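J.: Would you be able to build a 3D model of this:
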Amino acid sequence: MVKTRGDWLNAMLKTADPVLLNLRDEKLREKMPVCKEGREPYTCLEAFGRTLMGLAPWLELEGGSEGEAGLREEYRLLVRKCLGIAVDPASPDTMNFSEGYGQSLVDAAFLADAVIRAPTELSEKLDSITRGRLISALMSTRKFQADGSNWVLFPAAVEAGIKVLGGEYTIEPVLKAADRFEKWYLGDEFTATASF
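T.: Here you go, the predicted model:
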């Protein structure tokens, strides 16, 4: 069955809406299903960061039909409101960037990647309070160690996000990740075996 752009948009928003609409209403933590005991401190940032990473290219996009452009503008405003709530220490849905083990680093990296993918909508258009709080939240993940695995990519993404947001970033995690990636990555099987 051929899918139209409208079908794809509906599928995207059907996936994103439970996270964004509950966060907008400051009910995400209350309504978030948790399938594994002990994951409660991490699930909200995990859901939000990964949702934003998927939405970010669409949020940054210009053009398209009038209906889609209007919908996109609604979601831009919604996402910026949600970002404000996620880093507001007074909100019941303030997110955990630094407590517990390093899962917060992983999820913060997804959120930072969204900022990198949508710098106009998720950085330039943020109000100064939200931007400052988001920078501080991302910086708080620096306490986590990420050596010896693909996790070295997460601090690099966080520092790149901090840079896009205009914060004081450090380049070392980015250089370390680039070095490790160059040493580890030899191509994937599809690329190595495919003949075009």
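J.: And the closest residue to L52 other than its chain neighbours, how close does it get to E182?
T.: Once flanking residues are discounted, L52 sits nearest to A114: 3.6 Å by CB to CB, 6 or more residues apart in numbering. Any C-beta I mention is one placed from the backbone N, CA and C, and that applies to glycine too. According to CB to CB, to the nearest Å, A114 stands 25 Å off from E182.
J.: Also R117?
T.: 23 Å.
J.: The two: who's more crowded?
T.: R117 (20 against 8; other CB atoms under 10 Å).
J.: For the more buried one, give its distance to A90.
T.: Distance of R117 to A90, given as CB to CB: 29 Å.
J.: My guess is G161 contacts R117. True?
T.: No: applying CB atoms under 8 Å, one finds G161 not in contact with R117, separated by 9.9 Å.
J.: contacting residues around the most centrally placed residue in the chain?
T.: What sits nearest the mean C-alpha location of the chain, by CA atoms, centre = their mean, is L111, with 1.9 Å. The contact partners of L111, taken as CB atoms under 8 Å, 6 or more residues apart in numbering, are 45, 48-49, 52-53, 138, 161.
J.: The same query, at a cut-off of 7 Å, please.
T.: Residues near L111 by CB atoms under 7 Å, 6 or more residues apart in numbering: 48-49, 52.
J.: separation between it and E60?
T.: Counting by CB to CB, the gap from L111 to E60 is 15 Å.
J.: quick one: the one helix or strand the residue nearest to the centre of the chain maps to to chain centroid distance?
T.: Under the criterion of DSSP states H and E, L111 resides in helix 103-117. Helix 103-117 sits 4 Å away from the centroid of its parent chain (CA atoms, centre = their mean, to the nearest Å).
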